[in-house]
Structures are given as C-alpha cells and as structure tokens.
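J.: what's the 3D shape of this:
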Amino acid sequence: MKNILDICKDVANVACVQPPSTLFGASSQNEQIFLSVAKDALSGLMRYGDWQELTKDGLLVTKEGKTDYLISEFCPDFYQLLNNTVYIKDASEKVIGAVTPEQWQREKYFHDNTGAVRFKIQNSMFRFLAPPPAGTKIVFQYRSAVVAFDAGMFEEKTEITANTDIPVFDEYLVKLAIRWRLQSRNGQDYQEELAEYQRECRKRFGSGLAAKDISLATGGSLLEGVNINAKFGD
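T.: Just a heads-up that it's a prediction; the model follows:
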C-alpha cells in the first residue's frame, strides 16, 4: 500500500504536472495545492457513504444518575451512527431499539416510566428519559471518521499529518479523487476524470453492501421488544 505522498506523485505523473517532494512544510504553491487536494479527497471519500472499511462497533456503558452521553466522548473517531443498529442488550438477551420522537413525547408526558430503560438519539448524543441503571450496555455501529493510518499501520488518523500516512481507502480510488480535484484547482477540464471517479465509487461502495436489511417483523407488525434466544426463569 502506497503512502499519501507516493500517491500524489503518481497522480502528478499522469496529470503531467510537477510532482511534490513533500506535502508538509511545503515551500512551493504546487506542493501546498497537493496537500489541500489530498485532504479534500480523503474527506470526500469518508463522507461518501457507509464504507465497510469505516464501519465499527461501539459500546456505551451507563453511569449512575447520568442521562445524556455525547458519543464522541467514548468514540473519539465517531462520525455518524448507522441506522437501525442501536440496541440495549440485557442479561435476558432482550434487544430493544431506540424510541421514536413520538414515543419519547408520549412516555415523557403521559406515562410513568419507572423501571423502563428508554432513550433517543439526538445531536450525536444518547439521551435517556430517566437515568438508567449503572452498567447498562448500549451496543451500536457507527461510521468512523478515520481516513488514514500511520506508516506502521498502528495508529488511526482522522486527518493526514505526515508524508508516510497510508489512506484507508483503495489506492486507485484515492488517485481518482485527487486527480479530478487537482485538475479542477488548476483550471483544467476534469469532467471525464470526475465521471470515472464517481463510477468507481458506486461500483466499489455497492460491492460492500449487504443484500438487504434483516427484518424482525412478525405478523405484519414490529414488536416493541424482541427476545432473541430468550432465557426463561431465573
């Protein structure tokens, strides 16, 4: 896998422009443009969709008396929650999803919610109607904001900071993402390169998607709580 500087050099050779000798501490405008374009390219790929490379499992363990939990506090690389992946899993293996805004309002203002763990997701935060028992586990999947690794592939980075950083995305995709942006920045025609980049994104992104969502519906309606391999008795 090539690092970000080598990728930029490959793009420069294809685009027939002066290749950069460095991206950081650059002394020329050309090198500064390459750094700006490379950062924009990786950010654009990260925001494109729920890449398999960026899908991670998250875990929230509740604390006594606390109702609001900002996700970035326990997932530093958090970018976005994945829909339909957030659940409470209790000791009886009972899986319960987050409540809807309507359910939130109804339970908050018209029902005694004592003993029930209910939460909603708002502004990248878990918010409980009432403080849940300490140690309650919320499991979920999220899209990471990581765009690169360090040279040793040990440290994840949400932004490139060195010439030796290695993008998490496919090398060819990164080259296409940088090339059309570079040509646009230099005032050159880039429509053909942009179209190729978009086609490749759709192809590679689509190949990593599941065939379809798994439905837990029964009898034509969703259960409020679904027991998976439920345990009976104490």
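J.: how's the chain carved up into domains?
T.: As assigned by automatic domain parsing, the chain contains the domains 4-51+148-206, 53-144.
J.: Please identify the deepest-packed of those.
T.: Ranked by mean neighbour count, the domains of the chain are led by domain 4-51+148-206 with a mean of 17 (mean count of other C-beta atoms under 10 Å). Bear in mind the C-beta positions are built from the backbone N, C-alpha and C, glycine included.
J.: on that earlier part again, comparing the domains of the chain by mean pLDDT, which bottoms out?
T.: The weakest mean pLDDT among the domains of the chain belongs to domain 53-144, with a mean of 82.
J.: Can you give the distance of that domain from its chain's centre?
T.: 17 Å (C-alpha atoms, centre = their mean, to the nearest Å).
J.: ends of it, how far apart?
T.: 9 Å (C-alpha to C-alpha, to the nearest Å).
J.: which helix in the chain runs the most residues?
T.: For the chain, the longest helix by residue count, based on DSSP state H, is helix 29-48.
J.: Next up, the contacts around the residue most central in space within the chain.
T.: Against the mean C-alpha coordinate of the chain, by C-alpha atoms, centre = their mean, the closest residue is Arg143 at 1.6 Å. Counting by C-beta atoms under 8 Å, 6 or more residues apart in numbering, Arg143 makes contact with Asp50, Trp51, Leu54, Thr55, Lys56, Tyr79, Gln80, Leu81, Leu82.
J.: what's the helix or strand hosting Ile178 packed up against?
T.: Per DSSP states H and E: Ile178 is located in helix 171-185. For helix 171-185, the packing partners by 3 or more C-beta pairs under 8 Å, 6 or more residues apart in numbering; DSSP states H and E come out as helix 4-15, helix 29-48, helix 191-206.
J.: Residues in contact with it: which ones?
T.: 1-2, 4, 7-8, 10-11, 14-15, 17, 33-34, 36-38, 40-42, 44-45, 167, 189-190, 193-194, 196-197, 200-201, 204.
J.: Just want the angle from it to helix 29-48.
T.: 120 degrees (axes from the mean of the first three to the mean of the last three C-alpha atoms, to 10 degrees).
J.: Could you check how far the closest residue in space to Asn186 that isn't next to it in sequence is from Val37?
T.: With C-beta to C-beta, 6 or more residues apart in numbering as the criterion, Asn186 has its nearest non-adjacent residue at 7.1 Å, and that residue is Val17. The gap separating Val17 from Val37 is 11 Å, by C-beta to C-beta, to the nearest Å.
J.: circling back to that earlier point, could you redo the helices and strands packed on helix 171-185 as a markdown table and give each row distance to Trp180?
T.: Shown next, in a markdown table, are these (distance: least, C-beta to C-beta, whole Å):
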| stretch | distance to Trp180 |
| --- | --- |
| helix 4-15 | 10 |
| helix 29-48 | 9 |
| helix 191-206 | 4 |
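J.: right, so of those, which gets closest to Asn123?
T.: helix 29-48 (18.4 Å; C-beta to C-beta).
J.: Mind giving me the packing neighbours of that closest one?
T.: Checking 3+ C-beta pairs under 8 Å, 6+ apart, helix 29-48 ends up next to helix 4-15, helix 171-185, helix 191-206.
J.: Follow the chain on from it and name the next helix or strand.
T.: That would be, after helix 29-48 and using DSSP H and E, strand 55-61.
J.: List the strands paired with that next one, with their directions.
T.: Counting by DSSP bridges, the strands paired with strand 55-61 are strand 137-144 (antiparallel).
J.: hang on, the earlier thing: the helices and strands packed on helix 29-48: which one's closest to Val61?
T.: helix 191-206 (32.6 Å).
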